[in-house]
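[1] I need the structure of the sequence given here:
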Amino acid sequence: MVGHTKKSHKKTRLLQSQNADIYHHPIEKKKQLQNLTEYINGDILEVFGGQGNLTEYYKKCGNVTAMTKEKFGDSFDVIYSMRANKKTYNVIDIDSYGYPDKFFPVVFQMMKHKTTLIITFPVVGVNCLNGIQEQHFINYWRSSRPTIGDVVGVLTDMALREWYLLQLIDLQKIKRIYRIAFQCTRQKATELCGVKNR
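    Model prediction:
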């Protein structure tokens, strides 16, 4: 049985590396974007740009920076240099192969006054959990098996640190992943805290 599991895992990884639709869900993702048309425009950052599944759609909506591995290298490394160069975006789409944890809170420092944030979050339990993975979830999402409510709560808190209010505008479950969309709106610190500058 173990040999079968290893073969199945290798087959899955191979199909993922070949950009097979069964794992990347381009049709479902484009349909979600079409339902969010009013939120998708301007300068768009597509993290893990893949091989253009969504890039062509985004090009119709604005100026796209598609962070492909071939052109940019490791997205986890590049995102910090982009922030250091003061790059800001109207749309940030983090479509990672695993959990998007390492992009937070840095992406909240790369937003314009109003930004649409879309993330892909795997359904917890699809991956085999072990003690290290569970502790990782606790460290990032405050739960050993984070729910969508946990994810929304953590991101809301992170956004507030950068003076952004998050509004959940769409949630789609596509087989073994969630696509979660937020409208992030920058607030004046004085208004958010209910105080006046002296």
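[2] Could you use CA atoms for every contact and neighbour count after this?
    Will do.
[3] confidence score at residue 13?
    With respect to pLDDT, residue 13 scores 50.
[4] go on, residue 79?
    Residue 79 is given a pLDDT of 92.
[5] try residue 136
    At residue 136, pLDDT is 89.
[6] so how many other residues sit close to it?
    15 (other C-alpha atoms under 10 Å).
[7] What's opposite residue 65 in the beta bridge?
    Beta-bridge partners recorded for residue 65 (DSSP bridges): residue 45.
[8] wait, doesn't residue 159 sit right on residue 106?
    No - at 9.9 Å, residue 159 does not count as touching residue 106 under the criterion of C-alpha atoms under 8 Å.
[9] Looking at these two, which is more packed in?
    residue 159 (22 against 15).
[10] For that one, give me phi and psi.
    With angles defined as degrees, to the nearest 10, residue 159 sits at phi -60, psi -40.
[11] Tell me how far residue 134 lies from residue 142.
    Counting by C-alpha to C-alpha, to the nearest Å, the separation of residue 134 from residue 142 is 10 Å.
[12] And residue 99, by the same measure?
    14 Å.
[13] again with residue 28
    The value you get for residue 28 to residue 142, if C-alpha to C-alpha is used, is 29 Å.
[14] Equivalent analysis for residue 149, please.
    For residue 149, the distance to residue 142 equals 11 Å [C-alpha to C-alpha].
[15] And residue 39, by the same measure?
    29 Å.
[16] what about these two, which has more around it?
    The neighbour comparison of residue 39 against residue 142 (other C-alpha under 10 Å) goes to residue 39, with 20 against 16.
[17] correct me, but the more buried one touches residue 116?
    Yes - if you go by C-alpha under 8 Å, residue 39 and residue 116 touch, sitting 6.3 Å apart.
[18] Now for these two: what residues contact both?
    Counting by C-alpha atoms under 8 Å, 6 or more residues apart in numbering, the common neighbours of residue 39 and residue 116 are 91, 183.
[19] mind listing the helices for this structure?
    2-17, 21-24, 26-35, 55-59, 69-72, 75-84, 131-141, 148-161, 189-193 (DSSP state H).
[20] May I have the last one exported as PDB, CA atoms only?
    What follows is helix 189-193 as a C-alpha-only set of coordinates in PDB (Å, rounded to 0.1, in the frame of the first residue of the first chain):
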ATOM      1  CA  ALA A 189      -5.000  55.800  11.700                       C
ATOM      2  CA  THR A 190      -6.700  58.600  13.600                       C
ATOM      3  CA  GLU A 191     -10.100  57.600  12.300                       C
ATOM      4  CA  LEU A 192      -9.500  53.900  12.900                       C
ATOM      5  CA  CYS A 193      -8.400  54.500  16.500                       C
END
